[in-house]
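Undergrad: Take a look and give me a structure for this.
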Amino acid sequence: MLVKTFGSAVQGINATIVTIEVNVSQGIRFMHVGLPDNAVKESHERIASALEYTGYKLPRKQIVINMAPADIRKEGSAYDLPLAIGILAGAETVKSEESERFVIMGELSLDGSLQPIKGVLPIAIKAREEGFKGFILPKQNAREAAVVNNLDVYGVENITEVIDFFNGNSTLEPTIVNTREEFFTNLNLSEIDFADVKGQESVKRALEVAAAGGHNIIMVGPPGAGKSMLAKRIPTILPPLTLHEALETTKIHSVVGNIDSNTSLISQRPFRSPHHTISDVALVGGGTFPQPGEISLAHNGVLFLDELPEFKRTVLEVMRQPLEDRKICISRAKFAIEYPASFMLVASMNPCPCGYYNHPERDCVCAPGVVQKYLSRISGPLLDRIDIHIEIVPVPFEKLSEMKDAESSEAVRDRVMKARQVQEQRFKDVDGVYCNAQMSSKQMRTFAQIDKASSELLKNAMQRLNLSARAYDRIIKVARTIADLDDSEQILSNHIAEAINYRNLDREGWAG
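TA: Numbers count the residues shown, from 1 in each chain. Here you go, the predicted structure:
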């Protein structure tokens, strides 16, 4: 008997429905075609053990399984459950007309219980688009899939529940999640706050500007000055995720299996802080079995690279294109996958190997030329793509010990959101641009014009600091953001002056 069940394959962050055709007929062969990988081929042993343990038998007949479309490679163990149900439906143990109305996914244990799988959210979205009645999957993944409305999501613990459900011997309760209510309930939950940071008012101002315009920023300062502490609090001053951004972010984390059983939708902006020993592929994505990298996992959030010069140069250079295009395309001989990568880059570094160059109290012990050599580990083109360079000095004891409360993240976020609303209105007719950092040169001529006094000030800075054309654009973009924070329609000379001040690493003689 020929029957069909339906699973799904995830490519990039999108899913494709896979039709599993099972033909059970006279004979003794078992054939599995349709480009399955080794994990899918091994499902035969898991299915046989699971069925035997739960009181069923693998049919002693010829079983031919085809997984269409056959030109897409089927990877992983998540096809165990649809294959098992297809075999039982072909043997007329399960009612096939019922099983064909559902997308089914799940990894089988030898005792018939189900293990969680990856990529649930893209699969659920595709199932709804294709008009399936429901989605049957492991219970641990049910809340994640239930984010998708107009689709019945059934979380099950073992294969017996699925068989009884299709045969009408029992019912399954659909998992229901009030997406909007849960999203808005968890939107502003955060254990850290800018109020925890004593002093560093100039740095906080720079971070506020960076958050308001979506600008990349690098902090340079000695050990213990508070670089990491400040970076970790940047997500608390960024505007809250929209429901669309939350869904897009959750899809990426779903593909790599970062969603736990109690989470349905990511409601906090991601903060990713990879170690400096990270490889190129781990940062940008790809590999033998393509997965999103750290830059994609930081999509709609913050990518923090602590001790930037310690990262391998090749790792840093592969970020240059994603920083400009806000996406990464992984191209191989047989496929090309595109991952979103719209993130805010926050980097930190010591000014020199010993960490105390330009320190107000401690002497630098580095040999002549070492400071410049240390800074040169970061290429000029990458530094040019970082809009704001800010120098941090240690906080004096008087600031650390004072009891006065510092400004909270909520107060800073209110100003950031007000500036973002101005930008949203400004770019409402421009596709793909949502903040000042994303403006092209053409859009800058329209939305970021400067007056004669500002132009003269910028000209002098360009000549004295020997800035590149890209740095010129960055200064104007940052000045546009500063003007937005000041609720000014025009970019004034004081806005340009503050933006120039945020190019510390471009100053002549800074590194000796």
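
Undergrad: By neighbour count, which bits of the biggest strand by length in the chain are buried? Give me those.
TA: Ranked by residue count under DSSP state E, the longest strand found in the chain is strand 14-25. Judged by neighbour count (16 or more other Cβ atoms under 10 Å), strand 14-25 contains these buried residues: 14-15, 17-18, 20-24. In short, each C-beta sits where N, CA and C put it, glycine included.

Undergrad: tell me the domain boundaries of the protein?
TA: 2-177, 194-432 (automatic domain parsing).

Undergrad: For M462, find the nearest of these.
TA: domain 194-432 (13.2 Å; Cβ to Cβ).

Undergrad: which ones are touching G86?
TA: The contact partners of G86, by Cβ atoms under 8 Å, 6 or more residues apart in numbering, come to 3-5, 20-22, 65, 99.

Undergrad: Now T481, what are its backbone angles?
TA: Dihedral pair for T481: phi -70, psi -40, per degrees, to the nearest 10.

Undergrad: quick one, what contacts the nearest residue to it once chain neighbours are set aside?
TA: Excluding the flanking residues, the one nearest T481 by Cβ to Cβ, 6 or more residues apart in numbering is G213, at 3.2 Å. By Cβ under 8 Å, 6+ apart, the contact set of G213 is 387, 419, 423, 435-437, 477-478, 480-481, 484.

Undergrad: In helices, which of the residues you listed fall?
TA: 419, 423, 477-478, 480-481, 484 (DSSP state H).

Undergrad: Now render these as CSV, adding pLDDT, distance to A336 and neighbour count.
TA: Shown next, in CSV, are these (pLDDT from 0 to 100; distance: Cβ to Cβ, whole Å; neighbours: other Cβ atoms under 10 Å):
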residue, pLDDT, distance to A336, neighbour count
A419, 96, 37, 26
Q423, 94, 32, 23
K477, 94, 31, 24
V478, 95, 35, 30
R480, 95, 35, 26
T481, 96, 35, 32
D484, 95, 37, 26
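
Undergrad: what are the ranges of the helices in the stretch 1-150 of the chain?
TA: All helices of the stretch 1-150 of the chain, identified by DSSP state H, counting those that start in this stretch, fall at 38-41, 43-53, 80-90, 96-99, 120-129, 142-145.

Undergrad: looking at those, which is closest to I259?
TA: Minimum separation from I259 across the helices of the stretch 1-150 of the chain (Cβ to Cβ) falls at helix 142-145, 5.0 Å.

Undergrad: which helices and strands does the closest one pack with?
TA: helix 120-129, strand 152-156 (3 or more Cβ pairs under 8 Å, 6 or more residues apart in numbering; DSSP states H and E).

Undergrad: Next, the angle from the first one to strand 152-156.
TA: Translated: helix 120-129. Taking axes from the mean of the first three to the mean of the last three Cα atoms, to 10 degrees, one finds helix 120-129 and strand 152-156 inclined to each other by 140 degrees.

Undergrad: now what about helix 120-129, what contacts it?
TA: Defining contact as Cβ under 8 Å, 6+ apart, one finds that helix 120-129 is touched by 8, 10, 13-17, 103, 105, 134-135, 137, 141, 144-145, 147-151, 153, 247, 250-251, 254-255, 259.

Undergrad: hmm, which of those are the buried ones?
TA: Buried members of these, scored by 16+ other Cβ under 10 Å, are 8, 10, 13-15, 17, 103, 105, 134-135, 137, 141, 144-145, 147-148, 151, 153, 247, 250-251, 254-255, 259.
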